[in-house]
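*Asks:* what would the 3D arrangement of this be:
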Amino acid sequence: RAAAALLMTYQAAQAVAVTLGPDGLLLVERGKPAHHIPGIPVKVVDTVGAGDCFVGALAAALVDGLPLTQACTMANRAAALSVSRHGTQASYPTAFE
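*Replies:* Predicted coordinates:
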């Protein structure tokens, strides 16, 4: 609900993705119902850099032409992998992973 309210505040925004840590994320696109993408259970080692990993993976997926929901799902997976490893950049998964 908060994401939907935020989306309506910014007229130029077409979508808002709110990350929810282990609970995944909530994607709200203008004119569509909110979509919850569930978290991926992992053994958490280090959460530093998880948000940066998510944003980087999301951007890469969008540049590759994935639809927003699929891009968010991929970014969610990448962030889950990153928290299961130590460090920041060293913890980021490769495209193959």
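
*Asks:* in this protein, which helix is the longest?
*Replies:* In terms of residue count, the longest helix belonging to the chain (DSSP state H) is helix 68-83.

*Asks:* next secondary structure after the helix or strand bottoming out on mean pLDDT in the chain?
*Replies:* Least confident helix or strand of the chain, by mean pLDDT, DSSP states H and E, is helix 2-9 with a mean of 70. Note on helix 2-9: by DSSP states H and E, the next helix or strand toward the C-terminus is strand 15-19.

*Asks:* and that following strand, what other elements does it pack with?
*Replies:* Counting contacts by 3 or more CB pairs under 8 Å, 6 or more residues apart in numbering; DSSP states H and E, strand 15-19 packs against helix 2-9, strand 25-29, helix 50-63, helix 68-83. (Glycine included, C-beta is placed from N, CA and C.)
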